[in-house]
Structures are given as structure tokens and as C-alpha cells.
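K.L.:
generate a structure from the sequence data that follows.
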Amino acid sequence: MQQQLSVVTLGVSDLARSRRFYVDGFGWTPVFGNDEIVFYQMNGFVLGTWLRERLAEDMQRPTPPEPGGFALAHNVAEPEQVAAAMQRLEAAGGRVLRRADAPPHGGLRGYVADPDGHAWEIAWNPVWPIDAEGRVRFAT
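P.N.:
Take a look at the predicted model:
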């Protein structure tokens with residue numbers, strides 16, 4: 001099986017509130033949206049935000065999924081962009097979970113939850129370069 005990620009779909013309770021976070025906070029442009037779901041074309045995959053109840057129905061789960069033990073990450077090119085991105089996300093309805101600081105392995109990172117509690121790490125890592133298309137490479 002090819003090692004790739006195609007789509008990440010997050011269950012949300014309020015699509016308009018979620019859209020505000022991703023559009024106003026990150027500055028992303030939806031490529032499709034209706035009354036139940038919004039898709040964002042990312043660099044190599046698609047991010048979807050879908051009403052939790054509809055997502056649960058699609059998965060045939062008895063209860064809607066809740067945010068779990070994972071974090072998504074958005075890496076930035078410069079250290080000063082970490083705090084700036086976190087401030088924009090907070091202004092767009094996010095909640096700061098951890099203010100930006102330096103982890104033991106270097107760089108800079110902080111965490112913001114979207115309005116539904118999905119955690120986003122906002123990070124700058126000097127050994128993980130980001131190319132012109134926004135792709136990050138794991139440094140070996």
C-alpha cells in the first residue's frame with residue numbers, strides 16, 4: 001500500500017463557526033462546501049470539516065466522534081510566525097492550549113484548539129524545511 005494520506009475529516013458541531021476558524025484564522029480557502037461539509041485543498045491531501053452527526057452516520061457509528069488523543073500540526077517558516085499564527089487562530093474562535101515555547105528538541109511550538117477541540121500544533125523547526133508548496137520534510 002502506498003504511504004500517503006488522502007483526506008483528514010474532522011467532525012464539527014457548527015460548520016459556520018468551524019469555517020471562520022479555518023478561513024479567518026489560517027487564511028485557507030475552501031474548495032467545496034455545502035450545509036454539511038467544507039473541504040480545503042491542502043498540499044497533497046484534502047482537509048474536511050463535516051457535521052459530527054453526518055460523519056457518524058457515514059461511519060455507521062452509534063455516537064458522533066469526539067476530538068481524540070491526536071494533534072494536527074501546521075509548521076511555519078520563521079519562529080516569529082508561531083505566535084502570530086496562534087493569535088490569529090485565537091481571534092478566529094480558537095482556544096490556546098499551550099503558549100509558544102521551545103521544546104527540548106529545539107525549535108518553537110504552541111497548541112491551539114479549534115472551536116470543536118481539535119488540537120493544532122503551530123510549530124517552527126529549524127531542521128524541517130518547508131518548500132514553496134508548503135510541504136515539510138522530516139530531517140534525517
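
K.L.:
L47 is in contact with F39, correct?
P.N.:
Yes: counting by CB atoms under 8 Å, F39 does reach L47; the two are 7.1 Å apart. Yep, even glycine has a C-beta here, placed from its N, CA and C like the rest.

K.L.:
where exactly do the strands run in this protein?
P.N.:
Using DSSP state E, the strands found in the chain span residues 7-12, 30-33, 37-41, 46-51, 71-75, 95-101, 108-113, 119-124.

K.L.:
remind me which residues of the chain are low pLDDT?
P.N.:
Where the chain drops to pLDDT under 70, the residues are 140.

K.L.:
in it, which helix is the longest?
P.N.:
As assigned by DSSP state H, the longest helix anywhere in the chain is helix 80-91.

K.L.:
columns mean neighbour count on top of the strands of the chain, output as a markdown table?
P.N.:
A markdown table is the format used below for the strands of the chain (neighbours: other CB atoms under 10 Å):
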| stretch | mean neighbour count |
| --- | --- |
| strand 7-12 | 18 |
| strand 30-33 | 13 |
| strand 37-41 | 18 |
| strand 46-51 | 20 |
| strand 71-75 | 15 |
| strand 95-101 | 14 |
| strand 108-113 | 20 |
| strand 119-124 | 21 |
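
K.L.:
which one of those strands lies nearest to L89?
P.N.:
Closest to L89 of these, according to CB to CB: strand 108-113, at 4.5 Å.

K.L.:
partner strands of the closest one, with direction?
P.N.:
Next to strand 108-113 in the sheet, as set by DSSP bridges, lie strand 95-101 (antiparallel), strand 119-124 (antiparallel).

K.L.:
the nearest residue to A139 once chain neighbours are set aside: how many residues sit nearby?
P.N.:
With sequence-adjacent residues excluded and distances taken as CB to CB, 6 or more residues apart in numbering, A139 is closest to V127, at 4.1 Å. For V127, the tally of surrounding residues (other CB atoms under 10 Å) stands at 11.

K.L.:
got a list of what V127 touches?
P.N.:
Taking CB atoms under 8 Å, 6 or more residues apart in numbering, we find V127 in contact with 106-107, 139.

K.L.:
which one of these sits closest to A71?
P.N.:
A71 lies nearest to G107 out of the contacts of V127, by CB to CB, at 15.0 Å.
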